[in-house]
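> Have a look at this fold, sequence not included:
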């Protein structure tokens, strides 16, 4: 082989250069990068599909029970929806709470309360959303509502609670990660509220917020933002500093 190359060189032919030692490595690296990019694209597609599926299931879970409402009334429909979410309800004149069985099926006993109003709903830790509140807006005698630990309850949902202004006395929005000061400011539309649990909310200046809530709802006991013993009181604003925002500004 070397002799043939030498002869070609003597005859004026060009000797081809030896292959670069890094050539195959570059090809392998580019192929690996291409496969890695395709893999990331496929993962992104799967994650997007999973997110759409999750949202679709959440909308379905919070659908309006219009068919049951047309057959048995809004009280039974609200009770069935609450139990399907893993919650429980209590009807007027009853001490016992009704809830679904271990398989998530609501009890047929609820059909006996066709004309009995629902006075208490416990949806703590459920997947309730703003749309799911459609099942409760006709409850004119609702006195107790527990929404603690609901990951999808936000400020918009709290603003919709004004429909219970003539009856609601106890409300819990503790540990709701999407509730902020703006949502709490809408609770002034609940003048009959006597107990409000706001523990575990990610808000700034909880001591100041509690003062504002007590000013906004003077007849209501605010829970969950008590100042611990030994904590110094909040210092007043310095001269020249703007005053703290009013309740309407939240």
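Cool, got the structure. Everything numeric in this text was worked out from a predicted model, so none of it was measured.
> Can you tell me the SS state at residue 119?
strand (DSSP: H, G, I helix; E, B strand; the rest coil).
> Any regions of this protein where pLDDT drops low?
Scanning the chain for pLDDT under 70 picks out 1-29, 36-43, 45-47, 49, 226-250.
> Show me the helices in this structure, by range?
With DSSP state H as the criterion, the chain has helices at 2-10, 23-61, 66-72, 74-84, 155-159, 181-185, 206-216.
> Next, the buried residues of the last one.
Residues of helix 206-216 classed as buried by neighbour count (16 or more other Cβ atoms under 10 Å): 206, 209-213, 216. Yep, even glycine has a C-beta here, placed from its N, CA and C like the rest.
> Over to stretch 147-166?
Across stretch 147-166, burial judged by 16+ other Cβ under 10 Å covers 147-150, 152-155, 157-158, 160-161, 163-164.
> Nearest spatial neighbour of the most centrally placed residue in the chain, chain-adjacent residues omitted?
Closest residue to the average C-alpha location of the chain: residue 152 at 1.9 Å, with Cα atoms, centre = their mean. Distances taken as Cβ to Cβ, 6 or more residues apart in numbering put residue 129 closest to residue 152, at 4.5 Å, once the chain neighbours are dropped.
> Who are the contact partners of that neighbour?
58-59, 62, 152-153, 157 (Cβ atoms under 8 Å, 6 or more residues apart in numbering).
> same thing with residue 105?
With contact set as Cβ under 8 Å, 6+ apart, residue 105 has no partners.
> same deal with the one 10 residues further on?
Going by Cβ under 8 Å, 6+ apart, residue 115 touches 73, 75.
> any idea how far residue 93 is from the residue nearest to residue 152?
31 Å (Cβ to Cβ, to the nearest Å).
> Then residue 218?
Counting by Cβ to Cβ, the gap from residue 218 to residue 93 is 31 Å.
> Residue 156 now?
Distance from residue 156 to residue 93, counting by Cβ to Cβ: 33 Å.
> repeat for residue 112
12 Å.
> go on, residue 143?
13 Å.
> before we move on, what about residue 135?
The spacing between residue 135 and residue 93, counted by Cβ to Cβ, is 22 Å.
> more neighbours, the two?
In this view residue 135 and residue 93 are compared by other Cβ atoms under 10 Å, and residue 135 has more residues nearby, 26 against 9.
> That one contacts residue 79, doesn't it?
No. Using Cβ atoms under 8 Å, residue 135 is not in contact with residue 79; the gap is 9.3 Å.
> Leaving out sequence neighbours, find the closest residue to residue 77.
residue 69 (3.7 Å).
> From residue 50, how far out is that neighbour?
32 Å.
> More neighbours: which of the two?
Legend: neighbour count by other Cβ under 10 Å for residue 69 and residue 50, higher for residue 69 (19 against 10).
> my read: that one touches residue 80, true?
No. Residue 69 is beyond contact range of residue 80, at 9.2 Å (criterion: Cβ under 8 Å).
> can you pull the contacts of residue 196?
Contacts of residue 196 by Cβ under 8 Å, 6+ apart are 170-173, 187, 213, 217, 220-223.
> Please spell out the ChimeraX selection for the buried subset of those.
To isolate the buried ones among the contacts of residue 196 in ChimeraX, judged by 16+ other Cβ under 10 Å, type:
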select :170,171,172,173,187,213,217,220,222
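> And the contacts of residue 196, which is closest to residue 34?
residue 173 (50.1 Å; Cβ to Cβ).
> Show me which residues of stretch 190-197 are buried.
The neighbour-count check on stretch 190-197 (16+ other Cβ under 10 Å) flags 190, 193, 196-197 as buried.
> Could you take these and lay them out as JSON lines, with extra columns for distance to residue 181?
Output for those, formatted as JSON lines (distance: Cβ to Cβ, whole Å):
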{"residue": "190", "distance to residue 181": "16"}
{"residue": "193", "distance to residue 181": "17"}
{"residue": "196", "distance to residue 181": "14"}
{"residue": "197", "distance to residue 181": "16"}
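> Appreciated, that's everything.
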